[in-house]
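Q: this one's structure only:
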């Protein structure tokens, strides 16, 4: 069955995660944002131990890191062939990274800010494989549902992971700080007589006037 876990509530983002490792999670020289965790492993709980929370024992940890990435590629470049001159700007990206551990998975979340104003969210996966018991004499059909790994007694079932990000933009009065949506359409745009007979690609633009549940930027439920 499908399951949804909200990392900002059910798993409290980094409460079940360890601090970031310099040189592994983040490059040497990265700046770190400190966080606090109050979750600890208690061997006396359950069968073999379990997690418990104690605010009185809260400790600090490296919750996120910030660093710059040289993209080793041009952000912009152009060659003036007739003048024999080439110019350009080297691309670099500011990265804000955090890792959340949920069970056997470690989710690496990157927010990437580029020099051209682009904002990108990336989700990477680490940790170890979700597995099931496998015996060719008992459940040979398991081969069709995943990949047999290890010594041949463990199967990794096929499944999917999806992530959703909510974008909360502070929109001003429409003059000093505005948010415009651009939707690409295919068809015959109005007001272009030369294209009355032929479909084409065209841009439909809309300025978001307000925020909130009734805003035009809210996804259609």
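A: That came through fine. What you see is a predicted model; the values in this text were computed from it and never measured. Residues are numbered from 1 along each chain as shown.

Q: do you know how far the residue nearest to residue 115 when sequence neighbours are not counted is from residue 85?
A: If the residues on either side of it in the chain are set aside, residue 115 comes closest to residue 75, at 5.6 Å by C-beta to C-beta, 6 or more residues apart in numbering. (Each C-beta comes from the backbone N, C-alpha and C, glycine too.) Per C-beta to C-beta, to the nearest Å, residue 75 is found 18 Å from residue 85.

Q: And those two? Which one has more around it.
A: residue 75 (14 against 9; other C-beta atoms under 10 Å).

Q: so the more buried one, which of the three states?
A: Classification of residue 75 using DSSP: H, G, I helix; E, B strand; the rest coil returns strand.

Q: Now do the contacts for residue 40.
A: Residues in contact with residue 40 (C-beta atoms under 8 Å, 6 or more residues apart in numbering) are 51, 52, 53, 54, 57.

Q: which of these are the two that sit furthest away from each other?
A: 51 and 57 (12.8 Å; C-beta to C-beta).

Q: circling back: among the contacts of residue 40, which ones are buried?
A: Buried by 16 or more other C-beta atoms under 10 Å: nothing, out of the contacts of residue 40.

Q: Adding distance to residue 26, pLDDT and secondary structure, write those residues out as a markdown table.
A: Conversion of the contacts of residue 40 to a markdown table gives the following (distance: C-beta to C-beta, whole Å; pLDDT from 0 to 100; DSSP: H, G, I helix; E, B strand; the rest coil):
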| residue | distance to residue 26 | pLDDT | secondary structure |
| --- | --- | --- | --- |
| 51 | 25 | 71 | strand |
| 52 | 29 | 76 | strand |
| 53 | 27 | 75 | strand |
| 54 | 28 | 78 | coil |
| 57 | 26 | 82 | helix |
